[in-house]
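Engineer: Structure for this input, please:
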Amino acid sequence: MKDDVIWIAVAESSAIVRHGMLAILKHIPEMARDVQLIEVTSSDALENCMQAHVPDVLIVDPAFEGWFDIDGFKADARTADVKCIALLCSITDQNLLRKYDESITLYDDEESVYRKIDALMHAMKGDENDTDALSQREREIIVCVVKGMTNKEIAEKLYISIHTVITHRRNIARKLQIHSPAGLTIYAIVNNLVELSDVKM
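Structural biologist: Here you go, the predicted structure:
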């Protein structure tokens, strides 16, 4: 992944389904990373997307534009590393689904969608433990917390919403199992995220 940004393309012919999927993805609690979405409406648009910016994840209806050639897509050197998620809008052959990295159905709730995508992101990074899973943005937030900044001040400094700051802090606490500013301070010093002089006493 590039610079801790997840690029997700949604390839679906149905505007209703496509826009619904994009709406859910826009509300991902950033999964510790920034998310950029690409809307794909046709095979030509998919080809243009692959030439302009190969996404990290492609969410695609197996019946996209008649039938999506998952084998050809995975065999292409440009797209071999793209994680493919089947967007199931109808009954699909289970043997075909084995070729996808994951599947999402129209009946999955938002939390289930987030969980599946987050698991794929961790697999892509080869995360061995939660500490390694800290994103650059999470490290920046830890530094801000250690410096004594409020959520509002952090949001203003990093040009993100307060809700996003809170989400990041929740993810940091879950990953590190550290639930206090004092604990984060010790973590930041031990892991060379801050100098002792940066710590607000």
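
Engineer: Please, which helix or strand holds N95?
Structural biologist: Secondary structure from DSSP states H and E places N95 in helix 94-97.

Engineer: what element comes up after that helix heading to the C-terminus?
Structural biologist: Using DSSP H and E, the first helix or strand after helix 94-97 is strand 102-105.

Engineer: The following helix or strand past that next one - contacts with which helices or strands?
Structural biologist: Per DSSP H and E, the first helix or strand lying C-terminal to strand 102-105 is helix 110-125. The contact analysis (3 or more CB pairs under 8 Å, 6 or more residues apart in numbering; DSSP states H and E) places helix 110-125 against strand 5-11, helix 15-26, strand 57-60, strand 83-88, strand 102-105. Yep, even glycine has a C-beta here, placed from its N, CA and C like the rest.

Engineer: Would you mind saying which of these lies nearest L134?
Structural biologist: strand 5-11 (15.3 Å; CB to CB).

Engineer: tell me the mean pLDDT for the closest one?
Structural biologist: Averaging pLDDT along strand 5-11 yields 87.

Engineer: Which elements pack onto it?
Structural biologist: Checking 3+ CB pairs under 8 Å, 6+ apart, strand 5-11 ends up next to helix 15-26, strand 34-40, helix 43-52, strand 57-60, helix 110-125.

Engineer: In CSV: these, plus mean pLDDT and distance to S90.
Structural biologist: Output for the helices and strands packed on strand 5-11, formatted as CSV (pLDDT from 0 to 100; distance: least, CB to CB, whole Å):
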stretch, mean pLDDT, distance to S90
helix 15-26, 90, 11
strand 34-40, 86, 19
helix 43-52, 87, 19
strand 57-60, 92, 14
helix 110-125, 77, 18
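
Engineer: Which of the ones you listed sits closest to E140?
Structural biologist: Closest to E140 of the helices and strands packed on strand 5-11, according to CB to CB: strand 34-40, at 11.9 Å.

Engineer: got a list of contacts for the closest one?
Structural biologist: Strand 34-40 is contacted from outside by 4-12, 18, 22, 25-26, 28, 46, 49, 53, 55, 60, 137, using CB atoms under 8 Å, 6 or more residues apart in numbering.

Engineer: quick revisit: what mean pLDDT does the helix holding N95 have?
Structural biologist: In the prediction, helix 94-97 has an average pLDDT of 78.

Engineer: from the middle of its chain, how far away would it be?
Structural biologist: Centre-to-centre, helix 94-97 and its host chain are 25 Å apart (CA atoms, centre = their mean, to the nearest Å).

Engineer: For the spatially closest residue to T105 that is not a sequence neighbour, give me its contacts.
Structural biologist: Excluding its sequence neighbours, the residue lying closest to T105 (CB to CB, 6 or more residues apart in numbering) is L88, at 4.5 Å. Counting by CB under 8 Å, 6+ apart, L88 touches D61, P62, L97, S103, I104, T105, L106.
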